[in-house]
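Visitor: here's my sequence, what's the structure:
(2 chains)
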2 protein chains.
Amino acid sequence: MRMPDPDPAIIARRAELAGIDLRRIVGPEWVLDDEAERRPYRCDGITAYQATPLLVVLPGSTREIQDVLRFCLAEGVKIVPRGSGTSLSGGALPLEDGILLVTSRLCAVLSVDAVNRVARVQPGVANVRISDSVRHLGLCYMPDPSSQMISTIGGNVAENSGGVHCLKYGVTANHIVGLEAVLVSGEIVRLGGAFQGAADGELDLIGLLTGSEGLLAVITEISVRLVPVPETARVVSMEFAHVEDACRCVGAIIGAGIIPAGLEFMDRKVVNAVSALLRETCDPRTDALLLCELDGTAAEVDALIETVADLARRGGAIAVRVSSTDEERERIWRSRKLAFSAIGKLCKDYYCTDGTIPRNRLPDILARMAILSRTYGLDYANCFHAGDGNLHPIIMYDAARPGDLEKAEAFGADVLRACVDMGGVLSGEHGVGVEKRDLMTHQFAPADLRQQQVLKCAFDPGELLNPGKVFPTPCRCAEFGRMHVRGGALRFPHIPRF
Amino acid sequence: MRMPDPDPAIIARRAELAGIDLRRIVGPEWVLDDEAERRPYRCDGITAYQATPLLVVLPGSTREIQDVLRFCLAEGVKIVPRGSGTSLSGGALPLEDGILLVTSRLCAVLSVDAVNRVARVQPGVANVRISDSVRHLGLCYMPDPSSQMISTIGGNVAENSGGVHCLKYGVTANHIVGLEAVLVSGEIVRLGGAFQGAADGELDLIGLLTGSEGLLAVITEISVRLVPVPETARVVSMEFAHVEDACRCVGAIIGAGIIPAGLEFMDRKVVNAVSALLRETCDPRTDALLLCELDGTAAEVDALIETVADLARRGGAIAVRVSSTDEERERIWRSRKLAFSAIGKLCKDYYCTDGTIPRNRLPDILARMAILSRTYGLDYANCFHAGDGNLHPIIMYDAARPGDLEKAEAFGADVLRACVDMGGVLSGEHGVGVEKRDLMTHQFAPADLRQQQVLKCAFDPGELLNPGKVFPTPCRCAEFGRMHVRGGALRFPHIPRF
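Guide: Numbering: from 1, shown residues only, chains lettered A, B, ... in the order given. Presented below is the predicted three-dimensional model:
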């Protein structure tokens, strides 16, 4: 199924020819062909997978993107669109025989409509900048992936990103009210509109493009829903001597009808690593820590935060702390925010994957991870969104030790398969990319995958947009009789390894 | 573009032949071919459009639906799927040369998972039955179209139905976590899963099927998100002497960062009609009435309800009433619930359409309706979801007066065009159906419509599923080279008029 590496001489010649035309479209300084210039673009958030793109192209307008896509369609050149390249599933991994279309220059907040609570932004705007630009209006953009300081809204839409607050407020898909996108033909489609509810009365292409991982079109404009900044937010930190008690407490909070703004889980290893980093001491009995944030009106939060604290105490918590001020709240959250940095100090390399299970299967999946850790001889830690059952097992390995990366990947894949077997899914918020594509057959029946691929073909019959991602086998575009692509049979790219 | 009526003799012969095969699939008593038996199925919620279906088929299982679709694909028979047939856009209007596939027999609540807050139900379950079957668990299904006593969840998904509570809780699409559907090929696809968030890591076919008005597949199983019944709900009734004050108050409530569970507008005509029906007197100065419901914890609701009442008083309300008990709350809501019955007593016939505008354009669209009323010489009334800018102008006419229906339709179409021109859209919650299909070109550019039709073709290349709905022109399926349909060129059905 996988093809051999493309011939370097052919690639070089192709890049040279394409570069000439692309420079005419975007301007000479916005096409990078030098090896040194292209090197920083070789990977996304998963550094284990690397490939130097044919060319890096940085268009400055929607019009330029249209022309770039028209050129690529005519010449059969593959395109990997990306923003900041923070994908954690290899979704933005370049192709050696394809251009990397980077949206960084399209970084304007185009308009803010405070009355209808919508901001219209370009795809290269960093997630956090949206909230920054509307804070003076008492508004914010709610989805908050951990990468929000640098990840772009275009990438967030492509991956349907989540975040701590998505338990209460929903993922990216719930906050997009309009999109402009360029099809591979160079045509523009405009979807939805200027306010929430504007997308009724049409086939839901906004929903389809959200989470489509760059396979369907290049998103050039996004209208996001803004919401009022909650009046108050308070957090409870709850330490447990037994992981099972922490899992039960998650169920008890949700079961009480409370919908926290965030409900996070950290295991002993993470808690210890963070304490070491902060030079603090922690209770040696602590086996798991839960952080539960509530937001809303002060009246509501003050009433519910005590209920949560009570549930924890009655559920066997050995320490419960409730924030009274914003400073205390931020201090409590600091441990969660530093978790991945702290773990990084414990090991040479780590591999963090992302799967989802029904909330009540938390103890089962944690037990399974312990068994897999012994099987593979690799250590691991857990820090994840417990409230919505979205796991992020952190598997520690040493890339310099032969076979270790492969073991870490196999460990991660086994966890994801176990998620599916327990009624969950392969991805919570990182997408499929190249990381999970070969696991898709574990989750989807052939008819389910085929119907997804038919949709891919309905947008991109030549498979030029981000090929090799998401689907474990090439699409069957020929069935549609619309092969626009010049230059012979489609190639299915291999996953380049670093 | 529109074809002449099908030949009755050919239709009758076709029905006879199809009936033999379909009876073998679903059992003889579940295929209705008698004229008298088919008559009740001639229209949906828009009685102005009527057509007697070729046959009415009531399958009893997903397996039978697969076989019915396989038969229809092989024989080129068109299919209109429906539940209770309460569509308000002619979306469930039968075709004289197509079968009506009615899901009423598939009415089981299959399972309830209280921990993961999901109910798995068949498509023929009435909306209200879902909440009824989980109330003992303290849970409910939130979207509440006015038709919820009889409209089915399958129909709600097909039309992406809204309702009073959707301002705060979102429309149907926000509450669907999994679907099973049968493609026109008879194949089953399973989308999403057993809990919220189960749909990540795949192209979002759930979103695409939700609101697809029966054009893509037949939905056979739905997993809906359940939420805790809010602890408290209270309502404020606010009367205004000037419509403009009421519109401003809508903006003030939302602008204050409050997200009501419902925010409804009724004009003088509706208020008077309801008062007459209830034999109550109302303040003769009242030109508009707002109802604002808040729900959540008692602490939150009690705090916010006073803020809303204050905003109304400061905004010129001439009367403000806040409910203190559930009985008072229900009494206040009664006027809204009786609105359409009350208007029905004022006129021979009425036509209620559905469009959406940005909230701040409310005064403009109301002024435009007044002008259109004079132009067409038809009276009208307004009762709608003000909080999300979802209008339901009620245009009064007399079907017995020649030309009156056509005038009412033209009036409605002009309102919808004005909605689009003001930055809104053609549909808030009723869908497009046949009612608005010819207006689609007013909202969508050719490229937008084409891409929607390409998706239609990716599911149903022979255009057998609910043809003639949503799109103003036939799809160009031949482009895909996958014409499965026997029996020659596709016909584009006309809209049959009663």
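
Visitor: please count neighbours and contacts with C-alpha atoms only from this point.
Guide: Noted.

Visitor: residue in the stretch 51-200 of chain A nearest to chain B?
Guide: The nearest approach of the stretch 51-200 of chain A to chain B comes at A:Val189, 5.0 Å away (CA to the nearest CA).

Visitor: how about the strands in the stretch 351-498 of chain A?
Guide: Under the criterion DSSP state E, counting those that start in this stretch, strands of the stretch 351-498 of chain A are mapped to A:355-356, A:380-385, A:390-391, A:393-397.

Visitor: among those, which comes closest to chain B?
Guide: Of all the strands of the stretch 351-498 of chain A, strand A:355-356 sits nearest to chain B, with 7.2 Å by CA to the nearest CA.

Visitor: give the other helices and strands that that closest one contacts.
Guide: If you count contacts as 3 or more CA pairs under 8 Å, 6 or more residues apart in numbering or on different chains; DSSP states H and E, strand A:355-356 packs onto strand A:390-391, helix A:404-421.

Visitor: does the first one come close to chain B?
Guide: What it means is strand A:390-391. No. Under the criterion of CA under 8 Å from any CA of the partner chain, strand A:390-391 makes no contact with chain B; the nearest approach is 8.5 Å.

Visitor: contacts for that strand, please.
Guide: Where contact means CA atoms under 8 Å, 6 or more residues apart in numbering or on different chains, the residues beyond strand A:390-391 that reach it are A:353-357, A:382-385, A:428.

Visitor: cool, stretch A:14-22 as well?
Guide: Under the contact criterion CA under 8 Å, 6+ apart, stretch A:14-22 has outside partners A:31, A:33, A:54-55, A:57, A:68, A:71.

Visitor: after the helix or strand that contains A:Ala181, next one along is what?
Guide: Secondary-structure element containing A:Ala181, defined by DSSP states H and E: strand A:176-182. Tracing the chain C-terminally past strand A:176-182 and defining elements by DSSP H and E, one meets strand A:188-192 next.

Visitor: strands paired with that following strand, and their directions?
Guide: Taking DSSP bridges as the criterion, strand A:188-192 pairs within the sheet with strand A:176-182 (antiparallel).

Visitor: contacts for the partner strand next, please.
Guide: In contact with strand A:176-182 (CA under 8 Å, 6+ apart) are residues A:62, A:65-66, A:118, A:188-199, A:206, A:217-225.

Visitor: return the set of buried residues in it.
Guide: A:176-182 (16 or more other CA atoms under 10 Å in any protein chain shown).

Visitor: go on, stretch A:216-236?
Guide: Within stretch A:216-236, the residues scored as buried using 16+ other CA under 10 Å are A:216-230, A:232-236.

Visitor: so which residue of the stretch 251-400 of chain A comes closest to chain B?
Guide: At 4.8 Å from chain B, A:Glu300 is the closest residue in the stretch 251-400 of chain A, using CA to the nearest CA.

Visitor: which SSE is that residue in?
Guide: Element membership for A:Glu300, per DSSP H and E: helix A:298-314.

Visitor: coming back round to it: using a markdown table, lay out the helices and strands packed on strand A:355-356 together with distance to A:Ala370, mean pLDDT and mean neighbour count.
Guide: Formatted as a markdown table, the entries for the helices and strands packed on strand A:355-356 read as follows, by distance: least, CA to CA, whole Å; pLDDT from 0 to 100; neighbours: other CA atoms under 10 Å in any protein chain shown:
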| stretch | distance to A:Ala370 | mean pLDDT | mean neighbour count |
| --- | --- | --- | --- |
| strand A:390-391 | 14 | 94 | 28 |
| helix A:404-421 | 10 | 96 | 20 |
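
Visitor: quick check, central residue of chain A?
Guide: The structure's chain A has its C-alpha centroid closest to A:His430; by CA atoms, centre = their mean the separation is 3.3 Å.

Visitor: just the contacts of stretch A:14-22 that are near chain B?
Guide: Restricting these to those near chain B - CA under 8 Å from any CA - leaves none.

Visitor: mind picking the two most distant members of those?
Guide: Looking at the contacts of stretch A:14-22 by CA to CA, the two members farthest from one another are A:Asp33 and A:Phe71, with 17.2 Å of separation.

Visitor: picking that back up, most tightly packed of the strands of the stretch 351-498 of chain A?
Guide: Burial of the strands of the stretch 351-498 of chain A is given as mean neighbour count (mean count of other CA atoms under 10 Å in any protein chain shown); strand A:355-356 ranks first at a mean of 30.

Visitor: please parse chain A into its domains.
Guide: Residue ranges for the domains of chain A, per the TED database: A:8-102, A:109-228, A:230-343, A:347-459.

Visitor: for B:Ala273, which of those domains is the nearest?
Guide: domain A:109-228 (29.7 Å).

Visitor: end-to-end on that closest one?
Guide: With CA to CA, to the nearest Å as the measure, the ends of domain A:109-228 fall 18 Å from one another.

Visitor: and for stretch A:382-398?
Guide: Start and end residues of stretch A:382-398 are separated by 18 Å (CA to CA).

Visitor: kindly report the same for stretch A:220-238.
Guide: The first and last residues of stretch A:220-238 sit 43 Å apart, counting by CA to CA.

Visitor: verify the stated contact: A:Ser61 with A:Leu106.
Guide: Yes. Taking CA atoms under 8 Å as the contact criterion, A:Ser61 and A:Leu106 are neighbours in contact, 6.7 Å apart.

Visitor: what does the stretch 101-250 of chain A put close to chain B?
Guide: A:115-116, A:160, A:174, A:187-191, A:193-205, A:207-212, A:227-229.

Visitor: PyMOL command for the buried members of those?
Guide: What follows is the PyMOL syntax for the buried subset of these, where burial is set by 16+ other CA under 10 Å:
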select buried, chain A and resi 116+160+174+187+188+189+190+191+193+194+195+196+197+198+199+200+201+202+203+204+205+207+208+209+210+211+212+227+228+229
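
Visitor: restricted to strands, list the residues of the stretch 101-250 of chain A next to chain B.
Guide: Assignment to strands by DSSP state E places the following of these there: A:188-191, A:227-228.

Visitor: and the gap between A:Ala370 and B:Phe71?
Guide: Counting by CA to CA, the gap between A:Ala370 and B:Phe71 amounts to 52 Å.

Visitor: and these two? Which one has more around it.
Guide: In this comparison of A:Ala370 against B:Phe71, neighbours counted by other CA atoms under 10 Å in any protein chain shown, the higher total goes to B:Phe71 at 19 against 13.

Visitor: in which helix or strand would I find that one?
Guide: Take DSSP H and E as the rule and B:Phe71 turns out to sit in helix B:62-75.

Visitor: avg pLDDT for that helix?
Guide: pLDDT averaged over helix B:62-75 equals 96, rounded to a whole number.

Visitor: just stretch A:453-462 next, same as before
Guide: For stretch A:453-462, mean pLDDT is 90.

Visitor: chain center to that stretch, what's the gap?
Guide: Remark: stretch A:453-462 is offset 23 Å from the chain centroid, using CA atoms, centre = their mean, to the nearest Å.

Visitor: circling back to that earlier point, neighbour-wise, give me the winner out of the contacts of stretch A:14-22.
Guide: Scoring the contacts of stretch A:14-22 on neighbours with other CA under 10 Å, the highest-scoring entry is A:Leu55 at 30 neighbours.

Visitor: would you mind measuring from that residue to A:Ile65?
Guide: The gap separating A:Leu55 from A:Ile65 is 15 Å, by CA to CA.

Visitor: where does chain A have low pLDDT?
Guide: Where chain A drops to pLDDT under 70, the residues are A:1-6, A:196-201, A:476-498.

Visitor: how about stretch A:46-64: buried residues?
Guide: Within stretch A:46-64, the residues that qualify as buried by neighbour count (16+ other CA under 10 Å) are A:46, A:49-60, A:62-64.

Visitor: sorry, back to before: B:Ala241: which of the ones in strands among the residues of the stretch 101-250 of chain A next to chain B is nearest?
Guide: Lowest distance from B:Ala241 to these (CA to CA) belongs to A:Pro228, with 29.9 Å.

Visitor: touching, A:Ala261 and A:His165? I think so.
Guide: Yes. Contact between A:Ala261 and A:His165 holds when scored by CA under 8 Å: they sit 5.1 Å apart.

Visitor: name the residues of stretch A:74-84 that are buried.
Guide: Neighbour counts using 16+ other CA under 10 Å place A:76-84 of stretch A:74-84 among the buried residues.
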